[in-house]
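Visitor: show me how the following folds:
(one chain, ligands or ions: 3)
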Amino acid sequence: MTHSPAVSFHKSTMNETGTLIVLTDETLGLGAAAQGLGIADLLQKAAATADYKGKSLAVLDLLAPANLAFDRLVVVGLGKADELVEGDWSRLGGVILGALRKGEKATLHAERPDGTAISGDQLADIGLGAVLRAYSFDRYKSKGKNGKDGDNGKAAKAPVTLDIVAAESGKAKKAWVARSAIAEGAILARELVNEPANVLGPVEFAEKAAALEALGVTIETLTEKQMKKLGMRALLGVAQGSVRPPRLVAMHWNGAKSKGKPVAFVGKGVVFDTGGISIKPAGGMEDMKGDMGGAAAVVGLMHALAARKSKANVVGIIGLVENMPDGNAQRPGDIVAAASGVTIEIINTDAEGRLVLADALWYAQKTYEPKVIVDLATLTGAIMVALGTDYAGMFATDDVLADALSKAGEATGEKVWRMPLGPAYDKMIESKFADIKNTGGRYGGSITAAQFLKRFVDDGVAWAHLDIAGTAMGSPQTEINRSWASGWGVRILDRLVADNYEG
Ligand code: BES
Ligand code: MN
Ligand code: ZN
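Guide: Ligands and ions are numbered 1, 2, ... in the order given. Coordinates of the predicted model:
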């Protein structure tokens, strides 16, 4: 399904067949190896004809170049090479992969025209971008992309081979071990989000999470009965309208030498959100198969951390339910007691994510006593109104955590924008009959949702909530993502862990 390209790193060119890729800049310069192939004149001529200026990520494609053993020459621009930022290297990898046809064998001379060596991390990022770009979700397409009947997409799956030739190939190989683990995690998250809800109910999703056991992750799965015993009536109230029972999965990775308290990641896993009795309109409802994007990111993250043997203690907790209307479904006006004891008046059964998270947050704290919690949820349409699809909304009780997340977001391109919390918003979720109600009216919809969650976070815990409704799915296509689901969250959180909680 992933058609992952075979990426490898080399000190020198293996064989001069297939496609050659070289990098240039706005001076149309070339690195030493590319110059050695005698293509400088060809590039000048072709660039002039095609009005090619070496702008950042611009591609110049030359077929059957004379005097060259390769069948094809692809030139990719770096723009102004001294203005390159970290995220440009994965974007570059994405653009390179995008220029290649299925099954194509390509050699990239990864060198900068200005002579500065491309570092091992940057080279690994090129590979990461290529792998992420190559992903497409076509499991249910019975025809190949080439239009041939009945090949079940096999032709489309023929992977690209990308040999990256660079001075720092040794360091790149080392960096690639971790980078490919992160790519796998992001693609796993995309797979879970893209998969339709008839295939992936709460039980099936829990089984996918449990498969991380093979990587050394400790798995604990709670059934409906166990959750009843714990009093998780907020989560169970959402699930009660579905014939498919809920699950809560805790994934524990103990990579640190010490037995220190873990960092916890909590994900909303609504496998399908009809809205329940407060049912959603039909238009676009199919997108609600992705309402488990938070849980998918947590599973993808745990995969990445375990596969790269992160030296951190981390726990991932996901609440898995389906929000359906039926004779047993929860009603507006119902009052439920969450496991923490807080009572909640249900105003709108479509504000279900916060109910699931209320009990998942409680369980995380009671079981693991984390010092830091980050939750992810496709929580509100309002966050898309506020921020669009480029930034996720971030709400945080701790400035250090918020800054660390912002930094990790800028570095990986999974960006967060901080939004406010405050007692004024608590007023908006006061209930006539219970401790709080599950909606706060039209204004500040993402903030009142976050303020609701905060009621389930203990004092002294550094907590951040990421509202990923705009970024997890249906966001614009990028150099490194052509799939509906983006896998948003795996890369920023992996970076957060790597930079703050390891060793
Ligand atoms: N899952 C939705 C939020 C959502 C909307 C995610 C669009 C992705 C794309 C959430 O459960 C929801 O329905 N929220 C309501 C809250 C309202 C009833 C207070 C919303 O945003 O309208
Ligand atoms: Mn909803
Ligand atoms: Zn929802």
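Visitor: what's the mean pLDDT across the helix or strand hosting D426?
Guide: In the assignment (DSSP states H and E), D426 maps to helix 423-428. Regarding helix 423-428, the rounded mean pLDDT is 97.
Visitor: pull out the buried residues from it.
Guide: Neighbour counts using 16 or more other C-beta atoms under 10 Å place 425-426, 428 of helix 423-428 among the buried residues. Backbone N, C-alpha and C define where each C-beta goes, glycine included.
Visitor: give the next helix or strand downstream of it.
Guide: Trace forward from helix 423-428 with DSSP H and E and the next one is strand 436-437.
Visitor: and for the helix holding D426, what's in contact with it?
Guide: The set of residues external to helix 423-428 that reach it, using C-beta atoms under 8 Å, 6 or more residues apart in numbering, is 440-441, 443-444, 447-448, 450-451, 455.
Visitor: is that helix up against ligand 1 anywhere?
Guide: No: contact of helix 423-428 with ligand 1 (C-beta under 6 Å from any ligand atom) is absent, the minimum separation being 11.3 Å.
Visitor: okay, that helix in PDB with CA atoms only?
Guide: Taking C-alpha atoms only, helix 423-428 is exported to PDB below (Å, rounded to 0.1, in the frame of the first residue of the first chain):
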ATOM      1  CA  PRO A 423     -11.400  31.500  33.600                       C
ATOM      2  CA  ALA A 424     -13.700  33.700  31.400                       C
ATOM      3  CA  TYR A 425     -14.200  30.700  29.200                       C
ATOM      4  CA  ASP A 426     -15.100  28.500  32.200                       C
ATOM      5  CA  LYS A 427     -18.200  30.700  32.600                       C
ATOM      6  CA  MET A 428     -19.300  29.700  29.200                       C
END
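Visitor: centre of this protein to the edge, which residue is at the far end?
Guide: N67 (43.8 Å; C-alpha atoms, centre = their mean).
Visitor: so the spatially closest residue to that residue that is not a sequence neighbour, which of the three states?
Guide: Nearest residue to N67 in three dimensions, chain neighbours excluded: G38, at 6.6 Å (C-beta to C-beta, 6 or more residues apart in numbering). Per DSSP: H, G, I helix; E, B strand; the rest coil, the secondary structure class of G38 is coil.
Visitor: now do the one 10 residues further on
Guide: Taken by three-state DSSP, the conformation at A48 corresponds to helix.
Visitor: count the neighbours of it for me.
Guide: 10 (other C-beta atoms under 10 Å).
Visitor: what pLDDT does it get?
Guide: A48 carries a pLDDT value of 97.
Visitor: next one: S56
Guide: 98.
Visitor: re the thing from before, and the residue farthest from the centre of the chain, how close does it get to I39?
Guide: 8 Å (C-beta to C-beta, to the nearest Å).
Visitor: burial measure for K11, as a count.
Guide: Neighbour count for K11, taken as other C-beta under 10 Å: 10.
Visitor: that one against K171, yeah?
Guide: No: taking contacts as C-beta atoms under 8 Å, K11 lies outside contact range of K171: 11.4 Å.
Visitor: related to what we said a few turns ago, as CSV, the buried residues of helix 423-428 with distance to ligand 3 would be great.
Guide: Formatted as CSV, those follow (distance: C-beta to the ion, whole Å):
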residue, distance to ligand 3
Y425, 20
D426, 22
M428, 19
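Visitor: from the residues you listed, which single one is nearest G94?
Guide: Closest approach between those and G94, by C-beta to C-beta: Y425, at 39.1 Å.
Visitor: before we move on, back to that, of the contacts of helix 423-428, which is the most crowded?
Guide: That'd be A450 among the contacts of helix 423-428, by other C-beta under 10 Å, with 29 neighbours.
Visitor: mind listing what it touches?
Guide: 379, 393, 395, 419, 421, 425, 465, 467.
Visitor: which non-adjacent residue is nearest the third one?
Guide: Think F395. Nearest to F395 is A450, by C-beta to C-beta, 6+ apart, at 3.8 Å.
Visitor: helix, strand or coil for the one you found?
Guide: Three-state call for A450 (three-state DSSP): helix.
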